[in-house]
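Asker: Based on what follows, work out the 3D shape:
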Amino acid sequence: MAKEVTTFARTDVQAGRLRTLGNRPPVVLTATRPYPEAMLAATGLTRAEADRMQAIWKVLQAEEASWSTRSRHALVPDSGHYIQDERPDLVIGAVREVIHTVRADEAQADADGQGKE
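Answerer: Presented below is the predicted three-dimensional model:
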């Protein structure tokens, strides 16, 4: 985690240039459970500030989903930030969905290619 934090600035610069994913099939999962009181106390945020921050995050996640013509955006009301820990079933399902779609695309491309030969 410490290594990840040290690379945030570089990652932000690189990611900040990306705004299109073409027809890639990403699944964007957005945690929407309100922040717990303990987190608010630890960060010094008010409930209003935290709610505004989450609203902005939801908009940013929807924007990210719009970068692809074939994305799916799902709100996860029963999870906090670490969806992979709290709802691994949804993350596994999303990964499988992407893999299935990519494999189906590849199979179709192969079939189209074979039909042209």
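
Asker: Report the secondary structure state of the residue nearest to the spatial centre of the chain.
Answerer: Against the mean C-alpha coordinate of the chain, by Cα atoms, centre = their mean, the closest residue is residue 28 at 3.3 Å. Applying DSSP: H, G, I helix; E, B strand; the rest coil to residue 28 yields a three-state assignment of strand.

Asker: Please report the distance of it from residue 40.
Answerer: Look at residue 28 and residue 40: by Cβ to Cβ, to the nearest Å, they are 25 Å apart. The C-beta positions use only the backbone N, C-alpha and C, and glycine is treated the same way.

Asker: could you say what helices and strands the biggest helix by length in the chain packs with?
Answerer: Using DSSP state H, we find that the single longest helix of the chain is helix 88-116. Packing contacts for helix 88-116, counted by 3 or more Cβ pairs under 8 Å, 6 or more residues apart in numbering; DSSP states H and E, involve strand 27-31, strand 72-76, helix 83-86.

Asker: swap the cut-off to 7 Å and go again
Answerer: Packed against helix 88-116, as judged by 3 or more Cβ pairs under 7 Å, 6 or more residues apart in numbering; DSSP states H and E, are the following elements: strand 27-31, helix 83-86.

Asker: That one vs strand 27-31, what angle?
Answerer: 170 degrees (axes from the mean of the first three to the mean of the last three Cα atoms, to 10 degrees).

Asker: Quick check: buried residues in helix 88-116?
Answerer: Within helix 88-116, the residues that count as buried by 16 or more other Cβ atoms under 10 Å are 90, 91, 94, 98, 101.

Asker: which residues does the first one contact?
Answerer: By Cβ atoms under 7 Å, 6 or more residues apart in numbering, the contact list for residue 90 reads 29, 76, 83.

Asker: Export those residues as TSV, with columns for neighbour count, distance to residue 44 and pLDDT.
Answerer: Conversion of the contacts of residue 90 to TSV gives the following (neighbours: other Cβ atoms under 10 Å; distance: Cβ to Cβ, whole Å; pLDDT from 0 to 100):
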residue	neighbour count	distance to residue 44	pLDDT
29	19	28	98
76	16	26	98
83	19	25	98
